[in-house]
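Visitor: I need the structure of the sequence given here:
(one chain, ligands or ions: 1)
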Amino acid sequence: MQLIDGKATAAQIKAEIAEEVRQIVAGGGKRPHLAAILVGHDGGSETYVKNKVIACEACGFKSSLIRFEEDVTEDELLAKVKELNDDDDVDGYIVQLPLPKHIDEQKIIMAIDYRKDVDGFHPVNVGRMAIGLPCFISATPLGILTLLRRYGIETSGRKCVILGRSNIVGKPMAQLMMQKQYGDSTVTVCHSHSKTLKEECREADIIIAAIGRPDFVTADMVKEGAVVIDVGTTRVTDATRKSGFRLNGDVKFDEVAPKCSFITPVPGGVGPMTICSLMKNTLAAGKKEYYK
Ligand code: NAP
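Guide: Okay, here's the model as predicted:
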C-alpha cells in the first residue's frame with residue numbers, strides 16, 4: 001500500500017507556482033491577486049479562508065480578505081460581487097460557502113464574473129468543464145485529478161465509483177473521471193438512495209468517497225488493490241485534541257488501507273490539494289489562460 005501524500009504534493013506544486021510568479025513579476029508582469037469574501041464566523045470557513053490566505057503568501061500572490069457579518073443583506077453582497085467583477089486588479093475571487101440561509105447562494109454564484117470564478121462554480125465554467133473546454137475546474141476535483149496523475153495512477157478504462165453527487169465534488173468528479181482527456185474511466189455515481197452501493201464499491205478499481213459520513217467505507221466494501229480517495233472531512237468530537245475535535249474521513253482508514261494499492265489519509269490527503277488547486281486556478285486567472 002502506498003500512502004498518497006497530499007500535503008507534500010501540494011507543497012511541491014505551490015513551490016512551482018511561486019517560481020512561475022517570480023518569473024512573471026521579474027519580467028514586469030502583474031502579480032496574481034486572489035480575493036475572498038467571508039460571511040460570518042463559522043469555524044470551518046474561518047479555517048479554510050485563513051489557509052487560503054497563507055497559501056497565497058506561499059505562492060507569491062496578492063490576497064484580499066473581505067469580511068461581512070452574518071446579517072449582511074443579499075443586496076450588499078451582490079454589490080460587493082459587482083465591485084470585484086469591475087476591479088481590474090482582482091484576477092480571481094471566491095465567496096466562501098456556505099452562506100447564511102437568508103442569502104440565495106445560486107444568485108451570488110451567478111453574479112460572479114465567470115472569468116474570475118476561480119472556484120469553478122459558475123454555470124459557464126461547469127458547462128465548459130462538462131464538454132471538455134478550457135475553464136476553471138472546481139478545486140477539489142482538480143486536486144484529486146492532480147494527485148492521481150502525479151502518483152502515476154492509471155485511470156483509463158478502469159472502473160471508478162464515486163460516492164456522493166454534490167455540485168462541488170461528486171458531480172464534477174464524475175464528469176472529469178468520465179472524460180477522455182482526464183480520467184477516461186468507466187464511472188458509477190452512488191448516493192443516499194443507491195441500492196447497490198456496496199456491490200458497486202466492491203467492483204471498483206478506484207473509489208472516490210465524498211459523502212461526509214465518517215468511516216462509511218469499510219474493508220468489506222473494497223477489493224484488493226483498489227485506489228481509495230477519501231474526500232470526507234467531518235468534524236468529530238475528540239477530547240484528546242486541544243481543539244476538542246478532529247477531522248474524520250469517509251473511509252475507515254485502518255482497516256481499508258491494507259487492502260489498497262494507494263490511499264489518501266485524512267487529514268493530509270485531498271484537503272491540501274483543494275487549496276493548491278485554487279492557487280493553480282488563480283495563477284491561470286492572472287495569466288488570462290482561459291478567458292481574455
Ligand atoms: P454534500 O453536499 O452534503 O453531499 C453529500 C453527498 O453524499 C450527497 O450526494 C448525498 O446523497 C451523499 N450521501 C450522504 N449520505 C450518504 C450515504 N449514507 N450513502 C450514500 N450517499 C450518501 O457534501 P459535499 O459538499 O460533497 O462534501 C462531502 C464531504 O467532503 C464532506 O465531508 C465535506 O466536508 C468534504 N469535502 C472536503 C473537501 C476537501 O477539500 N477535503 C472539499 C469539499 C468537501 P443525496 O444526494 O442523495 O443526498
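
Visitor: alpha carbons only for contacts and neighbour counts from here, please
Guide: OK.

Visitor: Just the element for whichever residue of the stretch 1-150 of the chain sits closest to the ligand, please.
Guide: Minimum separation of the stretch 1-150 of the chain from the ligand (C-alpha to the nearest ligand atom) falls at Thr140, amounting to 5.4 Å. Here Thr140, judged by DSSP states H and E, is contained in helix 139-150.

Visitor: re earlier: does the residue of the stretch 1-150 of the chain closest to the ligand touch Lys280 like I think?
Guide: No: Thr140 is not in contact with Lys280 according to C-alpha atoms under 8 Å; the separation is 11.8 Å.

Visitor: Mind checking which of these two has more residues around it?
Guide: The neighbour comparison of Thr140 against Lys280 (other C-alpha atoms under 10 Å) goes to Thr140, with 25 against 22.

Visitor: check contacts around the more buried one.
Guide: Ile168, Val169, Val270, Gly271, Met273, Thr274, Ser277 (C-alpha atoms under 8 Å, 6 or more residues apart in numbering).

Visitor: Return only those of the residues you listed found close to the ligand.
Guide: Ile168, Val169, Val270, Gly271, Thr274 (C-alpha under 6 Å from any ligand atom).

Visitor: Any of the residues you listed buried? List them.
Guide: Among the ones next to the ligand among the contacts of Thr140, those scoring as buried are Ile168, Val169, Val270, Gly271, Thr274 (criterion: 16 or more other C-alpha atoms under 10 Å).

Visitor: Secondary structure, pLDDT and distance to Ala219 added to those, as CSV?
Guide: Converted to CSV, these look like this (DSSP: H, G, I helix; E, B strand; the rest coil; pLDDT from 0 to 100; distance: C-alpha to C-alpha, whole Å):
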residue, secondary structure, pLDDT, distance to Ala219
Ile168, coil, 94, 27
Val169, coil, 97, 23
Val270, helix, 98, 20
Gly271, helix, 95, 23
Thr274, helix, 96, 26
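
Visitor: Closest one of those to Val217?
Guide: Relative to Val217, the closest of those is Val270; by C-alpha to C-alpha it sits at 16.3 Å.

Visitor: quick one: that closest one and Thr264 touch, right?
Guide: Yes: counting by C-alpha under 8 Å, Thr264 is a contact partner of Val270 at 7.0 Å.

Visitor: Common neighbours of the two, please.
Guide: With C-alpha under 8 Å, 6+ apart, Val270 and Thr264 have common neighbours Gly6, Ile229, Asp230.

Visitor: For this structure, which residue occupies the most central location?
Guide: In the chain, the C-alpha nearest the mean C-alpha coordinate belongs to Thr140, at 1.8 Å (C-alpha atoms, centre = their mean).

Visitor: Show the model's pLDDT score for that one.
Guide: Looking at Thr140, its pLDDT stands at 97.

Visitor: do you know how far it is from Met173?
Guide: According to C-alpha to C-alpha, to the nearest Å, Thr140 and Met173 sit 8 Å apart.

Visitor: any idea what sits nearest Leu84, other than its immediate chain neighbours?
Guide: Nearest non-adjacent residue to Leu84, counting by C-alpha to C-alpha, 6 or more residues apart in numbering: Val90, 6.7 Å away.

Visitor: mind listing what the one you found touches?
Guide: Pro32, His33, Leu34, Ala35, Leu84.

Visitor: Then Val270?
Guide: Gly6, Thr140, Gly143, Ile144, Ile229, Asp230, Val231, Thr264.

Visitor: element containing the residue nearest to Leu84, please.
Guide: Val90 belongs to no helix or strand, assigned by DSSP H and E.

Visitor: Distance check, it against Tyr48.
Guide: Val90 sits 20 Å away from Tyr48, going by C-alpha to C-alpha.
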